[in-house]
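Student: I'll drop the sequence and a predicted model, then ask my questions.
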Amino acid sequence: MSYARYAVKDDARPALAVVTGGRSGIGKAIAIKIASLPFIDHVLLVSRSITPEHVAEHPKCIAIAADVGTSEGRQS
């Protein structure tokens, strides 16, 4: 299951979106769409087995390997 959340940018901080399940499929498609929004600075794609190569062609996207279903993964 994918989940996306983003914060609207203000003058003091960059706008950041977090998409879980973003390695492939719908999650990655959602992340790429969010990254195309002009007010979004970075999109964090979180998945258990994601690598930087999965998002290399999208400069606003950052890959984070973590299992958000566990407390250890949420602390990564």
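Tutor: Happy to help now that I have it. Numbers count the residues shown, from 1 in each chain.
Student: Give me the helix or strand of the chain that scores worst on average pLDDT.
Tutor: When each helix and strand of the chain is scored by mean pLDDT, DSSP states H and E, strand 3-6 comes last, with a mean of 60.
Student: hey, where'd the strands end up in this structure?
Tutor: 3-6, 16-20, 42-47, 61-65 (DSSP state E).
Student: buried residues in the second one?
Tutor: When burial is assessed from 16 or more other C-beta atoms under 10 Å, strand 16-20 yields the following buried residues: 17-20. The C-beta positions use only the backbone N, C-alpha and C, and glycine is treated the same way.
Student: Run through the helices of this protein in chain order.
Tutor: In the chain, the helices defined using DSSP state H lie at 25-35, 71-74.
Student: Can you say which of those is packed in most?
Tutor: Most buried of the helices of the chain, by mean neighbour count (mean count of other C-beta atoms under 10 Å): helix 25-35, with a mean of 18.
Student: Okay, angle between that one and strand 42-47 too, please.
Tutor: 170 degrees (axes from the mean of the first three to the mean of the last three C-alpha atoms, to 10 degrees).
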